[in-house]
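> Show me how the following folds:
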Amino acid sequence: MLLQSDKWGDAIKSFKKSPAKGKLKNESKVHFALGLAHYNKKDLSSALEALENAQKLDKDNTSIITWIDQIKNQKLAKTERQLKL
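Okay, here's the model as predicted:
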């Protein structure tokens, strides 16, 4: 719900608390959603970290793999732009 309302900061706080509460059926989904929230706040490093944590729990999820690749490519492009300056 927080992701749908664009309340990224609130979503991040909520998702970070979720694993501590325990009893999660699919913890990888929490890490995935956390990664998307960080991505939408333009925090690529935190997004990548969260998505890599999701991938550790769900190695074959192609959505996670796609997002990780996309963020790595964006970070690389940003670095390349900075080096040209």
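> from here on, contacts and neighbour counts on C-alpha atoms
Will do.
> for the host helix or strand of Asp69, what is the average pLDDT?
Assigned by DSSP states H and E, Asp69 falls within helix 62-84. Helix 62-84 carries an average pLDDT of 95.
> same deal with stretch 28-35?
Stretch 28-35 shows an average pLDDT of 91 in the prediction.
> who's in contact with that stretch?
With contacts defined as CA atoms under 8 Å, 6 or more residues apart in numbering, stretch 28-35 is touched by 3, 11-12, 15-16, 18-19, 46-51, 53-55, 57-58, 64.
> try 10 Å
For stretch 28-35, the external contacting residues (CA atoms under 10 Å, 6 or more residues apart in numbering) are 3, 8, 11-19, 24, 36-41, 43-59, 61, 63-64, 67-68.
> Whichever of those residues end up buried, select them in PyMOL.
For the buried members of the contacts of stretch 28-35, the matching PyMOL selection, counting by 16 or more other CA atoms under 10 Å, is:
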select buried, resi 3+8+11+12+15+36+37+38+39+40+41+44+46+47+48+49+50+51+52+53+54+55+58+64+67+68
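> now, which of the contacts of stretch 28-35 lie within strands?
When DSSP state E is applied, these are split such that none fall in strands.
> what sits against Thr79?
Thr79 touches Asn73, counting by CA under 10 Å, 6+ apart.
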